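*Asks:* sequence below, structure please.
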Amino acid sequence: MQFINPRTDFAFKRIFGSEENKDILISFLNGMLYEGKSTIKSLEILNPYQAPKIRGVKDTYLDVKAVLDNEKTVIIEMQVLNVEGFEKRILYNAAKSYSMQLEIGQDYALLNPVIALTITDFKMFSNFDKAISRFILKERDFLVDYTIYDLELVFVELPKFVKEIDEVETLTEQWIYFLKSAAKVKEVPEKVGRVAAIRKAFEVANIATLNREELEDLEQREIYIIDQRNAIKRAERQGLEQGVELGSKQKSLEIASNLLDILDEAAISQITGLSLAEVQKLKEER
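*Replies:* Below is the predicted model of the structure:
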């Protein structure tokens, strides 16, 4: 058997975002948010498209959005590439999901908590090694929690999870293993296949169940991701090679100009030694 890569947006939505696969999403969220406990009994999968209520604010698309049986909203996003503004987009999406619950004139007490669950295929936080991190509002100096827990950001950094199949134990670890390894295995590993929801997730991910159009969509997404990663590697390599010979501000500007269509401003700044403001100015002057 061959399984599609659940880290692509197409596959992720197919596995976790369909009405007939609610049991998969419930098990996944219990693993990611509640340490494998059966906290979530049921949920409603929503249209992940978030239309803006304020004119001029851009539309937002999420991979999966659901309302849990405890009235919490969970927005789930699989992010493969570390693009500029990604961290702010996560907070923006969570805040928008929170505020869009109310119509004009409704009481703020009607607001229900929102959890933004983000799975990344790259490392985000270098100051700790654990794969799952959770952020809530706290007082800056004394780290006292805010009086309500209505906004929570949960991150799952896949590269930080390094356990092999024989080391996997908990439901949380089993689901992370599925995300990282489903596209590499040829059969469902017995250790994770014992969980009915994960076994079903492998069935949904079986490439034999896709039609020609779906296979083409999947292939295009994977090609795009590979091309973007290779472009970043090439730009970084060229930048470092040329950086040895910089010697002048003009050379730095030339390199930065060549990278504008490939990397984000922060990465260009890091490679060339230019300030972020200088890179932004260069982009505006194009």
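*Asks:* ok, residue 15 - contacts?
*Replies:* 6, 21, 24, 201, 204-205 (CB atoms under 8 Å, 6 or more residues apart in numbering). Using the backbone N, CA and C atoms, a C-beta is placed for each residue, glycine as well.
*Asks:* can you check residue 137 too?
*Replies:* Per CB under 8 Å, 6+ apart, neighbours of residue 137: 145-146, 151.
*Asks:* helix or strand: which one has residue 281?
*Replies:* helix 276-284 (DSSP states H and E).
*Asks:* averaged pLDDT, that helix. What do you get?
*Replies:* Averaging pLDDT along helix 276-284 yields 85.
*Asks:* list the buried ones in that helix?
*Replies:* For helix 276-284, the neighbour count (16 or more other CB atoms under 10 Å) marks 278-279, 282 as buried.
*Asks:* please apply the same query to stretch 154-169.
*Replies:* For stretch 154-169, by 16+ other CB under 10 Å, it's 154-158, 160-161, 168.
*Asks:* nearest to residue 47 among these?
*Replies:* Distances from residue 47 to these, taken as CB to CB, are shortest for residue 154 (21.7 Å).
*Asks:* what helices or strands is the host helix or strand of the closest one leaning on?
*Replies:* In the assignment (DSSP H and E), residue 154 maps to strand 151-157. Applying 3 or more CB pairs under 8 Å, 6 or more residues apart in numbering; DSSP states H and E, we find strand 151-157 packed against helix 22-33, helix 86-99, strand 114-120, strand 132-135.
*Asks:* tell me the contacts of residue 161?
*Replies:* 131, 173, 176-177, 180.
*Asks:* confidence score at it?
*Replies:* pLDDT, read off for residue 161, is 96.
*Asks:* repeat that for residue 114.
*Replies:* With respect to pLDDT, residue 114 has a value of 95.
*Asks:* rewinding a little: can I get the buried residues of stretch 154-169 in JSON lines including distance to residue 125?
*Replies:* As requested, the buried residues of stretch 154-169 are exported to JSON lines (distance: CB to CB, whole Å):
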{"residue": "154", "distance to residue 125": "12"}
{"residue": "155", "distance to residue 125": "7"}
{"residue": "156", "distance to residue 125": "12"}
{"residue": "157", "distance to residue 125": "7"}
{"residue": "158", "distance to residue 125": "13"}
{"residue": "160", "distance to residue 125": "9"}
{"residue": "161", "distance to residue 125": "14"}
{"residue": "168", "distance to residue 125": "23"}
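*Asks:* where in the stretch 1-150 of the chain is pLDDT low?
*Replies:* 48-62 (pLDDT under 70).
*Asks:* picking up where we left off before, between the buried residues of helix 276-284, which is closest to residue 28?
*Replies:* Distances from residue 28 to the buried residues of helix 276-284, taken by CB to CB, are shortest for residue 279, at 38.9 Å.
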